[in-house]
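**Q** return atomic coordinates for the entry below.
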Amino acid sequence: TLLAELNNLPLTSFDYDTTDTYGSFLTRQLLNSLFAAAVQGILIFFLTAAAEPLYRRYYANQIQIGGQFTPAGLRTKRFLLGTILGLAMTPAFLAYQVLFYITAEQFGAWGPAYIPYSEMVNTYIPWIMVLLIGFMPAVSEEFISRAFSIPFLHKYLKFRWVAVVIAGLIWGFAHANYPQQPFYIRGIEVGIAGIVVGYIFLRFGILAPLVCHYTIDALYTSLILFRSSNSYFVVSAALSAGLMLLPLAVALVLYLRQRRFADPTPLLNKSAAPPIPEAAADEPTAQQPAAPAPTFAYTPLSKRRLGWAVAVVVVSLGFFALEYEKPLDFVDVRLTRGEAEAKAVEHLEATGADASAYEVVTYYQNQPNAMGIRYILERDSVAVVNRLYQEDLLASLWVTRFFRYGEKEEYRVAVHPEDGSLYSINHLLAEEAEGADLEEAQAQAIAVQHLRAYGFAVEQLELKESSSEKLPNRRDHRFVFEAVEGDVRNVDELRYRVRVNIAGDEPVSIYRFLKVPEDWQREREESTTLKTALSGLLIVLIAAVVIHGLWLLVRRVRNEGIVWSPLIKIAAIGAAFFLLDFLNGLSVVDRAYDTRLTLSIFTITQILGFILGSLAIGLAILAALGLATSLYPDWPARLRAARRVPEFRDAVVGVALVLVASEAWQHLRGYIESRFIASDPSLGFGLPSGLDQYLPFWSSLSYGVMGAIFVPIVAGLVLYYSRVVIKKRLYTVVAGLGVGLIMSGGNAVHFDEFLFELLTFVTSIGFVVAAIVLILRNNLLAYVLLGFVSVLSAVRSLGALSAPAYQLQAGILLLLVLVVVFCLWWRLGAEREAS
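**A** This next block holds a predicted model:
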């Protein structure tokens, strides 16, 4: 994979962004190549780790996966026959494909013509791609769909033939994204082949499917090289596609030299020590006495420490007396989604269009120009930004889309979120739509009239750019107007602009925006070699932690085992919240609809995407919980312990104190940042979001559930690294500073921004460490509560809006938080009485 990625440098160089230095570009390509290679390596490692135990357990008379290509394995008769069978399966599969599509064509199936062109020939060494495309799908798909799936399904479905059929069909329909029609025909074709290959796998082991899969994929990939008149391309393609002939030749030579095959018995799966059966790992035997209930040492918060903490928090409340202005902090929403949609319908019908003839979806959109705001703040005050966005631009708005499935023409009507006044109407037309063919002067007159209709003082604008495009049945014009020199909407070299698009003789869109100087923008966006290296180093650190965590998890599973049933329940809850969050967002799902797609394809894509997303979330939670269990095996018992009253009290009180102190700290930090806002490289605006869902509070509640799961896990992981891996406090501090330096250097453009980012990181980490050491300590329940009650920030955001409906949502969310805390208190109190 690494060679293939580096081999693509001539292709990636075509997309070189000139805002980067060439050294930065090369560094990024190298880091991307290393990352891609690492990901592929990790994927193969874990596929093998998952498949090998099942393959070893269920197929005792097959050669071990790791023994196939060893010197002893090459000398076995099974290797020779397996390789020959795999190579023989290749022409058989090609013939099957031809016959299948000849037959399917009689029933209306078809496939697009093959395009005899590939970017592969533009790489340094084209045949490397043949090796990669042959190797990766062969190993990954055969290990997933055969070595893992068949024994796994057999274990739970009991019937081996059912496992073979299901695994083959899943493998087949995973290939249904090819352009053949109908869309499922490729799934049927490959699914049937998958069933046959599954039975060959059961009879002859994994080698024959691996050889066949590699050869077929390599052969298809190398067709462009075979068709070339370049001898080098043809020879290299033949060698790459026929690579599996090499081990066959080696096996034949070894046999001819020794006139006998090696005994495969030492290489068989049954010769390896079988893994511990799962039932034995999860269930105690009858002879094992029940383990006594674990006890945990917990020292309640002393009155003195609690008193000092309360005093510090009370004093910190004085920070709220500090007043400062934040960018875009005036944004308010008075209209709900339904009210905004009604306003949009009124505005559209005022133009003469029939709104009832269209499908309608209304969504909330934030659109601050972060680059323009930064430019202003470097030269002027926050008040200038806020005035500009209050009078001439909008940071947030309601947008209603009027469209028809399968048709390009549509309208987008944007209204003010407070009073529903019209901000813009954009009319998208198909290229073949008919219209007038106007001269530039005529079109400009229409554009000026359109500006007046939106309340612009035309005398304060001057034409800056104009262009036109001749379409089959009309001519489109584009005009860009700019505020005149000395206008208050201009700041230094920044210019306020308005673009009007004319389709034929109809004004179809109007856009207001800020144009920053190109030199300044290039400087901001430029990526140096150092910044790229720092960003890459941060990714490497994160990847190293993830890999190490997965290794710890695998080691725990293989050596001691994990009781998965309670973890699966928690993961299922997290996945269910994600799926419900998707259902909650169905109110705006048509926002992403591409009119080039049929409704059925779009619907299937969305459903599959969110089902797979829910499964991915569930698996991520399960892996994180498994890692937590491998590091802290007693954590489930800690949460179940009936002796929890002092910890529950400390958790509630401690989390309340931390939340209040955090709000005070954030206010103080905001005040300090407002004094040095030009040096802040990470501007945040805190604009409302999620207001267009059926229940706006639900997304925040889902995030709270995720926080309750992941906050204690992350805290435990950091604690593990500081105490077990790094060990010494000084080294932990140095490691933390190193991470801060890397993060700050990767974001900053100037030294003052680097210093600002580093100080912000250090002070924020200092606050977190103080909260953990002084208040939260080893109280696991406190971390769970802290993660969950993070939803209170959403309560504040929703409650601050003027629309009563959103204030009600804030009240519901607050009530749910209080109910959860009360239920915990009630249950733990009942457990204490029972004990």
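
**Q** scan the protein for its longest helix.
**A** Secondary structure of the chain per DSSP state H: the longest helix is helix 22-58.

**Q** just checking, which helix or strand succeeds that one along the chain?
**A** Remark: after helix 22-58, the chain's next helix or strand is helix 71-74, criterion DSSP states H and E.

**Q** okay, buried residues for that following helix please.
**A** The neighbour-count check on helix 71-74 (16 or more other C-beta atoms under 10 Å) flags 73, 74 as buried. Where C-beta positions appear, they are placed from N, C-alpha and C, glycine not excepted.

**Q** contact partners of that helix?
**A** 63, 67, 79, 247, 250, 251, 254, 262, 264, 266, 267 (C-beta atoms under 8 Å, 6 or more residues apart in numbering).

**Q** state the next helix or strand along the chain beyond that helix.
**A** Following helix 71-74 in sequence, per DSSP H and E, is helix 77-105.

**Q** tell me how far that next one lies from the chain's centre.
**A** 38 Å (C-alpha atoms, centre = their mean, to the nearest Å).

**Q** again, but for stretch 470-485
**A** 38 Å.

**Q** give the buried residues for that stretch.
**A** 471, 474, 475, 476, 477, 478, 479, 480, 481, 482, 483.

**Q** contacting residues around that stretch?
**A** 431-438, 440, 443-444, 447, 451, 460-469, 489-490, 495-504, 515.

**Q** what about the strands in the stretch 401-550 of the chain?
**A** 410-415, 422-428, 461-471, 474-483, 495-503, 506-515 (DSSP state E, counting those that start in this stretch).

**Q** for residue 781, which of the ones you listed is the nearest?
**A** With distances scored as C-beta to C-beta, the stretch of these nearest to residue 781 is strand 410-415 (46.2 Å).

**Q** what about the closest one, average pLDDT?
**A** Strand 410-415 shows a mean pLDDT of 96.

**Q** any weak-confidence spans in the stretch 451-600 of the chain?
**A** Along the stretch 451-600 of the chain, the model assigns pLDDT under 70 to residues 558-561.

**Q** can you rerun that using 90?
**A** The model of the stretch 451-600 of the chain has pLDDT under 90 over residues 521-568, 574, 578-579, 596-600.

**Q** and after the helix or strand bottoming out on mean pLDDT in the chain, which helix or strand comes next?
**A** None of the helices or strands of the chain scores lower by mean pLDDT, DSSP states H and E than helix 278-282, at a mean of 41. As assigned by DSSP H and E, the chain's next helix or strand after helix 278-282 is helix 303-316.

**Q** and the helix or strand encompassing residue 141, how far out from the chain's middle?
**A** Using DSSP H and E, residue 141 falls within helix 127-142. Helix 127-142 has its C-alpha centroid displaced from the chain centroid by 25 Å (C-alpha atoms, centre = their mean).

**Q** domains of this structure?
**A** 59-275, 297-321+642-835, 337-523 (automatic domain parsing).

**Q** now do the longest one, average pLDDT.
**A** It refers to domain 297-321+642-835. pLDDT averaged over domain 297-321+642-835 gives 88.

**Q** okay, which residue is most central for this protein?
**A** Centroid-nearest residue in the chain: residue 613, 9.4 Å away (criterion: C-alpha atoms, centre = their mean).

**Q** which residues of the stretch 451-600 of the chain fall in helices?
**A** Using DSSP state H, counting those that start in this stretch, the helices of the stretch 451-600 of the chain run over residues 518-525, 529-559, 565-584, 599-631.

**Q** and the stretch 301-450 of the chain, by the same measure?
**A** Using DSSP H, counting those that start in this stretch, helices in the stretch 301-450 of the chain cover 303-316, 337-350, 370-379, 382-391, 440-453.

**Q** would you indicate which residues of the first one are buried?
**A** Spelled out, it's helix 303-316. 306, 309, 313, 316.

**Q** same thing with stretch 622-638?
**A** For stretch 622-638, burial by neighbour count (16+ other C-beta under 10 Å) applies to 622-632, 635-636, 638.

**Q** which residues are contacting it?
**A** Against stretch 622-638 from outside (C-beta under 8 Å, 6+ apart): 293-294, 296, 549-550, 552-553, 555-557, 562, 564, 566-568, 570-571, 709-710, 712-713, 716-717, 720, 780.

**Q** for it, how far is the first residue from the last?
**A** Distance across stretch 622-638, first residue to last, is 19 Å (C-alpha to C-alpha, to the nearest Å).

**Q** avg pLDDT for it?
**A** Stretch 622-638 comes out at a mean pLDDT of 85.

**Q** also stretch 81-101?
**A** Stretch 81-101 comes out at a mean pLDDT of 91.

**Q** what residues sit buried inside it?
**A** Buried residues in stretch 81-101 (16+ other C-beta under 10 Å): 82, 83, 85, 86, 87, 89, 90, 93, 100, 101.
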